[in-house]
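K.L.:
Any chance you could fold what I've pasted below:
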Amino acid sequence: MIYLDNNATTRIDPRVLETMMPFLTDNFANAASTHPFGVTAHDAVKTARQQIADLLGCETHELVFTSGATEAINLAIKGVAENYRQKGSDRRTGHIVTVQTEHKAVLDVCHYLEKQGFEVTYLPVQPNGLLDLNDLKDALRSDTILVSVMLANNETGVIQPIEEIARLAHEAGALFMTDATQAVGKLPIDVDNLGIDLLTFSAHKFYGPKGIGGLFIRQRRPNKVKLEALLHGGGHERGLRSGTLNVPGIVGMGMAAKLAPVADVKETQYVASLRDRLETELLAIPGTRVNGSREHRLYNTTNIYFENCDSDALIMGLEGIAVSNGSACTAASIDPSHVLLAMGLNETEAFSCLRFSLGRFTTQADITATVKAVKEVVESLRALV
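P.N.:
I've put the predicted structure just below:
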C-alpha cells in the first residue's frame, strides 16, 4: 500500500508506540489513584502534558485532554456560547463568526447553536481559499462572542492569516479560536504570538494514536477563557472534562509532540520536496490545476483538479494507493466538497478532485509509482468520455 492520505490520519510512529506499550500492559493504573502505582501513571501524564505545552507555547494548566479534536471543538464552541452570551441576559443569544470552509465539526456545532438562538455568520473565502480580512471586519459586531477560523484546511492545506484574524477579533471584544488539527506538529505554533485563546488538536494527525486529543484554553491575561463543561462526573481536567484519563493515549501524544515534524527541518523539507515533485509531474497532465493557494499552505498537501475524471472512479482505479477526494469525516456523504464549492468550483469540478497528503513515511518510490498510476487512470477515464 502506498499511503498518501496523511491528512485523514497518520501511521503511529514506532517510537510513539514503544512509549505507550508499558501503559497498555504492566503499568495500567488509573492516573487519578493515589497509591504509588497510580502516581506513576499520573507522573507520565504530567510529562506528556509538558511535552504538548512545549509544542504549543502554552502553560500545562491550559491544556485539557479530550477524545480528539471533534470533542475539543464541541467543548470550546459550546462552552464559550454558554458562558459568553450577551452580558446581563439569560437568553441563549450571542453572535459567532466562522468560515464556510471550516471542518464539519465546527460547522455542525454552529448549526446546532443557531437552533438554540445564537446567530452565526459564515464568511466566504476567495478562490484561493483565503479569507478576505475585510469580510471579517464587516462581520464583527458588538455582540460577537467568538471568531473561529481554522489554521490550516484539511482538504487544501490552505493556511489562514491567524495572527491578523485574532487581532481583529480581540479589537471587537471577541475571543479567537482556531481548529489547528491539521497544523499542530506540522507548523510552528506559539499561542501567545498568534493571539490564540482556544486551540484544538488531535494526536493521530501527527503520528500519535487515535482517540486522544486536546484543547488549549487560555488561562492568562488578557483573555482568560471560561467554559461550561460538556461532561460532568468526577471533576477530571479541572472540572472541564470528567472521565478516566486515557494514559496510554496521552503518553503517546506527548511523545508524538516531542517528535513532531516541525522540530525536524530536514523532515519537513524532505516531505515538501516530495509533494512538489508529485504536484509538478501531475500538473503535466493536460486539464489539471491546483485548488487553493500554493503560497500559503501546508508543505505536505496538494489538492488537484482532473478535468473529465470522476474522483471516485480515480480512487477506485488507483489500486494499492490511498488518496482521498475530501475529508475522511464526510467520506460517507454523496455531496461535493463544501470546501471546494466555497472556493468557487462547480459541482462537476468538485467531484473531479483528489487530495494527496504526504507524510514522514512517504518515499521517492511512492511518488514515482503514484504519478505513473494516476496518468494511466486519467487516460483511461478520459477515453470513456
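K.L.:
Please count neighbours and contacts with C-alpha atoms only from this point.
P.N.:
OK.
K.L.:
Just say helix, strand or coil for residue 341.
P.N.:
Here residue 341 is helix, with the state taken from DSSP: H, G, I helix; E, B strand; the rest coil.
K.L.:
ugh, typo on my part, it should be residue 302
P.N.:
Judged by three-state DSSP, the three-state class of residue 302 is strand.
K.L.:
hey, what's it bridged with?
P.N.:
On the basis of DSSP bridges, residue 302 is bridged to residue 356.
K.L.:
Now do the same contact list for residue 208.
P.N.:
Taking CA atoms under 8 Å, 6 or more residues apart in numbering as the criterion, residue 208 is in contact with 10-13, 16, 249, 252-253, 255-256.
K.L.:
do you know how far the nearest residue to residue 2 once chain neighbours are set aside is from residue 146?
P.N.:
The shortest distance from residue 2 to any non-neighbouring residue, by CA to CA, 6 or more residues apart in numbering, is to residue 321 (4.6 Å). According to CA to CA, to the nearest Å, residue 321 and residue 146 sit 40 Å apart.
K.L.:
Tell me which of those two has more neighbours.
P.N.:
residue 146 (28 against 19; other CA atoms under 10 Å).
K.L.:
For that one, list each beta-bridge partner.
P.N.:
Counting by DSSP bridges, residue 146 forms beta bridges with residue 96, residue 175.
K.L.:
pretty sure it contacts residue 178?
P.N.:
No - here residue 146 lies out of contact with residue 178, judged by CA atoms under 8 Å, at a distance of 10.4 Å.
K.L.:
in the helix or strand where residue 55 lies, what counts as buried?
P.N.:
Using DSSP states H and E, residue 55 sits within helix 36-56. Going by neighbour count (16 or more other CA atoms under 10 Å), the buried part of helix 36-56 is 38-42, 44-56.
K.L.:
Restricting to C-alpha, output that helix in CSV.
P.N.:
This file holds the C-alpha atoms of helix 36-56, laid out as CSV (Å, rounded to 0.1, in the frame of the first residue of the first chain):
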residue,chain,number,x,y,z
PRO,A,36,2.3,4.6,44.1
PHE,A,37,1.1,2.7,41.1
GLY,A,38,-1.4,5.5,40.2
VAL,A,39,1.2,8.2,41.0
THR,A,40,3.5,6.6,38.4
ALA,A,41,0.7,6.9,35.8
HIS,A,42,0.0,10.5,36.9
ASP,A,43,3.7,11.4,36.5
ALA,A,44,3.6,10.0,33.0
VAL,A,45,0.6,12.2,32.2
LYS,A,46,2.3,15.2,33.7
THR,A,47,5.4,14.7,31.5
ALA,A,48,3.2,14.3,28.4
ARG,A,49,1.3,17.5,29.3
GLN,A,50,4.6,19.4,29.4
GLN,A,51,5.7,18.0,26.0
ILE,A,52,2.5,19.2,24.4
ALA,A,53,2.6,22.6,26.2
ASP,A,54,6.2,23.0,24.8
LEU,A,55,4.9,22.3,21.3
LEU,A,56,2.2,25.0,21.6
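K.L.:
Report all helices and strands that that helix contacts.
P.N.:
helix 247-258 (3 or more CA pairs under 8 Å, 6 or more residues apart in numbering; DSSP states H and E).
K.L.:
can you list the residues that contact the helix it packs on?
P.N.:
Contacts to helix 247-258, defined as CA under 8 Å, 6+ apart, come from residues 13, 15-17, 19-21, 23-24, 30-31, 41, 44-45, 47-52, 55, 65, 185, 203, 206-213.
K.L.:
mean confidence for it?
P.N.:
Average pLDDT, helix 247-258: 98.
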